[in-house]
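# Need coordinates for the following:
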Amino acid sequence: MSRIGKMPITVPAGVTVTIENNLVTVKGPKGELSRQINKNMKLTMDNGVITVERPNDEKENRAQHGLSRTLINNMIIGVTTGFKKTLEIQGVGYRCALQGKNINFTLGFSHPVVKEPPAGITFEVPAPNKIVVCGASKEQVGAVAAEIRTLRPPEPYKGKGIRYEGEFVRRKVGKAGAKGKK
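Below is the predicted model of the structure:
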């Protein structure tokens, strides 16, 4: 039995969950999310508690059991508290600024890079070298943060670029030169 899959999900006050043909729709103060869960999983909801059950112990069903439960739980967390991903910009002259809803990046290119948030995502810039991506969908927040990181990934020689907060970038030693060779 899946240790994660068998855990019940409690629905907090202020959140409404509807389940129709394994289409789970969650509405809360931060927005509305819906997702189609695997057809083999049996979803039941009674007294504000959702349980996910699998029909048998086949490999596919065992894999989907814990995943289905976690996806539903993340939807509930997303519409109540939301998800955040923080990115840091390191490098001389590298910075960002908020222009309306968009972020304007200065990353050492010959032109500024403007990033527009997709629906359901908001950007915060608490400092010129920090970006906070916020939203209800954990999957979408992670995808947008990864997209921003690809604008200028951290390079291993000087460590310049955009990285996740707390991310360790392994540094490389630069060129040693041609000492001792003749």
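# Send over the longest helix along the chain as CSV, restricted to the C-alpha atoms.
For the chain, the longest helix by residue count, based on DSSP state H, is helix 59-80. Taking C-alpha atoms only, helix 59-80 is exported to CSV below (Å, rounded to 0.1, in the frame of the first residue of the first chain):
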residue,chain,number,x,y,z
LYS,A,59,2.5,-1.5,-11.2
GLU,A,60,0.7,1.3,-13.1
ASN,A,61,-2.0,1.6,-10.5
ARG,A,62,0.6,1.7,-7.7
ALA,A,63,2.5,4.4,-9.5
GLN,A,64,-0.7,6.5,-10.0
HIS,A,65,-2.0,6.1,-6.5
GLY,A,66,0.4,8.4,-4.6
LEU,A,67,0.6,10.7,-7.6
SER,A,68,-3.1,11.2,-7.8
ARG,A,69,-3.4,12.0,-4.1
THR,A,70,-0.5,14.5,-4.2
LEU,A,71,-1.9,16.3,-7.2
ILE,A,72,-5.2,16.8,-5.5
ASN,A,73,-3.5,17.9,-2.3
ASN,A,74,-1.3,20.4,-4.2
MET,A,75,-4.5,21.8,-5.8
ILE,A,76,-6.1,22.4,-2.4
ILE,A,77,-2.9,24.0,-1.0
GLY,A,78,-2.6,26.1,-4.1
VAL,A,79,-6.1,27.7,-3.8
THR,A,80,-5.7,28.3,-0.1
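# following it, which helix or strand comes up?
Per DSSP states H and E, the first helix or strand lying C-terminal to helix 59-80 is strand 83-90.
# can you give me the mean pLDDT across that next one?
What strand 83-90 shows for mean pLDDT is 96.
# For the most centrally placed residue in the chain, what are phi and psi?
Within the chain, the residue whose C-alpha comes closest to the C-alpha centroid is G142; the distance, by C-alpha atoms, centre = their mean, is 2.3 Å. Backbone torsions of G142, given as degrees, to the nearest 10, read phi -60, psi -40.
# That one contacts K85, doesn't it?
Yes - with contacts counted by C-beta atoms under 8 Å, G142 reaches K85, the gap being 6.3 Å. To be clear about C-beta, it is placed using only N, CA and C from the backbone, and glycine gets the same treatment.
# could you pull out the strands for this structure?
Counting by DSSP state E, the chain has strands at residues 9-10, 16-20, 23-28, 31-36, 42-46, 49-53, 83-90, 95-99, 102-106, 113-115, 121-127, 130-135, 161-164.
# Most tightly packed of these?
For the strands of the chain, the largest average neighbour count (mean count of other C-beta atoms under 10 Å) is found in strand 130-135, namely a mean of 21.
# relative to strand 121-127, how tilted is it?
Put simply, strand 130-135 runs at 160 degrees to strand 121-127, going by axes from the mean of the first three to the mean of the last three C-alpha atoms, to 10 degrees.
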